[in-house]
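Engineer: just need the structure, nothing else, for what follows:
(2 chains)
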2 protein chains.
Amino acid sequence: MERVYNFSAGPSALPVEVLEKAAAEMLNYGGTGMSVMEMSHRSAAFSEILADAKALYKELMGVPDNYDILFLQGGGSTQFAMIPLNLMTKTGKADFVITGNWAKKAFQEAGRYGDAQAVASSADKTFSYIPKLDAATFRKDADYFYICVNNTIYGTRFRPDNLPETGDVPLIADMSSNILSEVYDVSKFGLIFAGAQKNMGPAGVVAVIIRKDLVGHAMDMTPTMLNYQTHVDADSCYNTPPCYGIYICKLVYDWVKAQGGVAAMEAFNKEKSAKLYDFLDNSAMFKGTVVPEDRSLMNVPFVTGNEELDAKFVKEAKAAGLENLKGHRTVGGMRASIYNAMPMAGVDALINFMKKFETENK
Amino acid sequence: MERVYNFSAGPSALPVEVLEKAAAEMLNYGGTGMSVMEMSHRSAAFSEILADAKALYKELMGVPDNYDILFLQGGGSTQFAMIPLNLMTKTGKADFVITGNWAKKAFQEAGRYGDAQAVASSADKTFSYIPKLDAATFRKDADYFYICVNNTIYGTRFRPDNLPETGDVPLIADMSSNILSEVYDVSKFGLIFAGAQKNMGPAGVVAVIIRKDLVGHAMDMTPTMLNYQTHVDADSCYNTPPCYGIYICKLVYDWVKAQGGVAAMEAFNKEKSAKLYDFLDNSAMFKGTVVPEDRSLMNVPFVTGNEELDAKFVKEAKAAGLENLKGHRTVGGMRASIYNAMPMAGVDALINFMKKFETENK
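Structural biologist: Next up, the predicted model:
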């Protein structure tokens, strides 16, 4: 069997060039006589991989010099605790926009450590839009303001021109599912984290960009490994980092750079997603679930309105080599995740299959 | 350049068969048309990998049914906090044996959450032995008793027949650097954890074996991701686990099983280490640093007594394809880590090189 088009929401498709390079280097990385998995994290070879990964990520994201970059473990779910433990330490207040399950989980975990307030939510319409925000409802003395920029399950996003205006309150962002897909101005954020497993590498690495002034104020109870200061001081090598995952991230960064960087990825992702949304907007059978202005470039949920037909579609698509199109149970229907690594040919194949399915199931 | 003999203390050598299989399956695992890195952690293919890894680890370690097995992130250093946060919750007391840096770090972190007491230490002689323990000095009402079974830096180990007699107090063990190398009776322990990156797989996975009655008593402040209950309830899939690392662990478990299991590994490791220790005991130039009865089967530190000669040895060994023999700065000299994946040929090559070096540097 050949490679399939993998529309998985995460972990998800990686560029085939990255996988080929990883396979070729598996037994002997760069003439070292060993795999990256077998290297001491203090070795010259791995230190170079880590430094390159950091420098490439800084360059691709346009990270200003007053930010630190960390490669940590524990995924976004550990960030949900690290953020309040490290940042909710002046007034103990933080404001949240609830745009889906992940924002809600971050909000709930923060509520265990301080005064977390939801300033808006789109739960009323199954998170199918980004709430209109009124800055007057934001607390001026909050330690931070939290958003989930792209909502994997619901297919919505805060556009780069639609970020909350939080003034001096640091804006904290979960960009797990749209990192490196579109240009965001890092200087508008206090902290940006992203689990690698959607647009950046394998599960088990979370990349954190944190403004330096936000480091060093953790609560006393904070576990050493959950204190950003620990990892800033040790340049992500306080303990053994997830070396192989960082290496794959580095290969993905190389690939993104070779594509022309994040601006080029954005143009490509807009073209890919527009093609799919245009098809949906004109289809008699399939409909997108998200209001046009808040649509994600990465995750495209759609439904036929008939559960049996949805199930038939997912099954037949799988048989045709279009994998993981089943939607999240809270939305139903289908979801096509078209991350950076999804080629246009994959989107074309999906659209062609949908057309065929429409004709066959009129 | 060919593969080298890699004596790294960790991350460290993996079986070449495992790396070959991983490389061969990188672009298309088992006919799925995708890499294990690209699979949803909820997919049938990955669920099978996870279930197989768990079943194999249970079988290899002889884990009784009243224990749970978890594959987590954050390494041993996160366990240093998870253990007190989850277990130091009845009397708030825990006893420790300080046999090296890692035991000390675990002790210090526990001391942030409760009454941690060191019942013995071998710091007086640079941790070159395992202290003789007097059970009368153990606190009968402690929530747990903690040891680091194999001390990577210093090359000592608690033999399976020399474990502390803790009665009803759960014995908690860090087995990061000798897991699967020698038979230990799991039923003597309350919890055993091991970072994968020495004998089990790549960095970024920590395997935890925990007696079921010890789950569910975490302190209120415990971050959700640091509560064992979270991961027991979700069978290590509360959030996206480090899927690719778990897959490599599974391949290593397959390999250990094919070698004859842990008892066969133990026989092989005893033969390998005995050869090296015998050489050291009879050498005019090289000397082991550990008392014979407490010697590790995995990590063999040795010195010439002359720092310049040590440095020359490490440099020339590297040129001869014997990598990462430099000792830890606190011990000096050299250290050969000869984990499960180190073939006898590697140990023979090291001994032959030492003989040659002796002759050339008389």
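Engineer: going by C-alpha atoms from here, please, whenever you check contacts or count neighbours.
Structural biologist: Noted.
Engineer: shaky segments in chain A?
Structural biologist: For chain A, the stretches with pLDDT under 70 are A:1.
Engineer: the domain parsing of it - what is it?
Structural biologist: Segmentation of chain A into domains, based on automatic domain parsing, reads A:16-258, A:261-360.
Engineer: go through those domains and name the closest to B:Ser176.
Structural biologist: With distances scored as Cα to Cα, the stretch of these nearest to B:Ser176 is domain A:16-258 (12.1 Å).
Engineer: up against chain B, what does the stretch 51-200 of chain A have?
Structural biologist: Residues of the stretch 51-200 of chain A found near chain B (Cα under 8 Å from any Cα of the partner chain) are A:Gln73, A:Gly74, A:Gly75, A:Ser77, A:Thr78, A:Ala81, A:Glu109, A:Arg112, A:Tyr113, A:Gln197.
Engineer: let's see that with 6 Å instead.
Structural biologist: Residues of the stretch 51-200 of chain A lying close to chain B by Cα under 6 Å from any Cα of the partner chain are A:Gln73, A:Gly74, A:Thr78, A:Ala81.
Engineer: list the contacts of the closest residue to the second one other than its chain neighbours.
Structural biologist: The shortest distance from A:Gly74 to any residue that is not its chain neighbour, by Cα to Cα, 6 or more residues apart in numbering or on different chains, is 5.4 Å, and that residue is B:Gln73. Residues near B:Gln73 by Cα atoms under 6 Å, 6 or more residues apart in numbering or on different chains: A:Gln73, A:Gly74, B:Gly204, B:Val205, B:Val206.
Engineer: now rank those by neighbours and give me the top one.
Structural biologist: In terms of neighbours by other Cα atoms under 10 Å in any protein chain shown, the contacts of B:Gln73 top out with B:Gly204 at 32 neighbours.
Engineer: where does that residue land in three-state SS?
Structural biologist: On the three-state scheme (DSSP: H, G, I helix; E, B strand; the rest coil), B:Gly204 is labelled coil.
Engineer: contact partners for it?
Structural biologist: B:Gly204 neighbours (Cα under 6 Å, 6+ apart): A:Pro242, B:Gln73.
Engineer: could the domains of chain A go into JSON lines alongside distance to B:Tyr238?
Structural biologist: What follows is the domains of chain A, written out as JSON lines (distance: least, Cα to Cα, whole Å):
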{"stretch": "domain A:16-258", "distance to B:Tyr238": "9"}
{"stretch": "domain A:261-360", "distance to B:Tyr238": "16"}
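Engineer: who wins for proximity to A:Tyr5 among those?
Structural biologist: domain A:261-360 (5.0 Å).
Engineer: hmm, back to that, from A:Ile248, how far off is the residue nearest to A:Gly74?
Structural biologist: Distance of B:Gln73 to A:Ile248, computed by Cα to Cα, to the nearest Å: 17 Å.
Engineer: same deal with A:Ala207?
Structural biologist: With the distance defined as Cα to Cα, A:Ala207 ends up 13 Å from A:Ile248.
Engineer: what do you get for A:Arg159?
Structural biologist: For A:Arg159, the distance to A:Ile248 - Cα to Cα - is 28 Å.
Engineer: so between the two, which is more surrounded?
Structural biologist: A:Ile248 (25 against 18).
Engineer: which secondary structure element contains the more buried one?
Structural biologist: In this structure, A:Ile248 sits in helix A:243-258 according to DSSP states H and E.
Engineer: give the buried residues for the helix or strand just after that helix.
Structural biologist: Once helix A:243-258 ends, the next helix or strand along the chain (criterion: DSSP H and E) is helix A:261-282. Of the residues in helix A:261-282, A:261-266, A:268-270, A:272-273, A:276-277, A:279-280 count as buried by neighbour count, 16 or more other Cα atoms under 10 Å in any protein chain shown.
Engineer: related to what we said a few turns ago, most packed of the domains of chain A?
Structural biologist: domain A:16-258 (a mean of 21; mean count of other Cα atoms under 10 Å in any protein chain shown).
Engineer: from the chain's centroid, how far away is that one?
Structural biologist: The chain centroid and the centroid of domain A:16-258 are separated by 8 Å under Cα atoms, centre = their mean, to the nearest Å.
Engineer: span of it from start to end?
Structural biologist: 14 Å.
Engineer: so which residues of chain A form strands?
Structural biologist: With DSSP state E as the criterion, chain A has strands at A:5-6, A:67-72, A:93-98, A:115-121, A:144-148, A:150-151, A:156-157, A:171-174, A:191-195, A:206-211, A:287-288, A:299-303, A:322-323, A:334-337.
Engineer: any chance of those in TSV, with distance to B:His231 too?
Structural biologist: Shown next, in TSV, are the strands of chain A (distance: least, Cα to Cα, whole Å):
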stretch	distance to B:His231
strand A:5-6	28
strand A:67-72	19
strand A:93-98	25
strand A:115-121	25
strand A:144-148	24
strand A:150-151	24
strand A:156-157	29
strand A:171-174	22
strand A:191-195	18
strand A:206-211	19
strand A:287-288	35
strand A:299-303	27
strand A:322-323	28
strand A:334-337	27
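Engineer: among these, which is nearest B:Met342?
Structural biologist: The closest of the strands of chain A to B:Met342 is strand A:67-72. By Cα to Cα, the value is 29.2 Å.
Engineer: just want the angle from that closest one to strand A:206-211.
Structural biologist: 160 degrees (axes from the mean of the first three to the mean of the last three Cα atoms, to 10 degrees).
Engineer: can I get strand A:67-72 in PDB, CA atoms only?
Structural biologist: In PDB, the C-alpha atoms belonging to strand A:67-72 read as follows (Å, rounded to 0.1, in the frame of the first residue of the first chain):
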ATOM      1  CA  TYR A  67      11.700  36.200  24.200                       C
ATOM      2  CA  ASP A  68      13.000  32.800  25.200                       C
ATOM      3  CA  ILE A  69      12.300  29.600  23.200                       C
ATOM      4  CA  LEU A  70      11.900  26.300  25.000                       C
ATOM      5  CA  PHE A  71      11.300  22.800  23.900                       C
ATOM      6  CA  LEU A  72       9.400  21.000  26.700                       C
END
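Engineer: okay, now the sheet partners of it, with direction.
Structural biologist: According to DSSP bridges, strand A:67-72 has the following sheet partners: strand A:206-211 (antiparallel).
Engineer: ok, back up a step: return the distance of the residue nearest to A:Gly74 relative to B:Tyr67.
Structural biologist: 19 Å.
Engineer: what's the answer for A:Val314, then?
Structural biologist: Counting by Cα to Cα, the gap from A:Val314 to B:Tyr67 is 39 Å.
Engineer: repeat for A:Leu72
Structural biologist: A:Leu72 sits 29 Å away from B:Tyr67, going by Cα to Cα.
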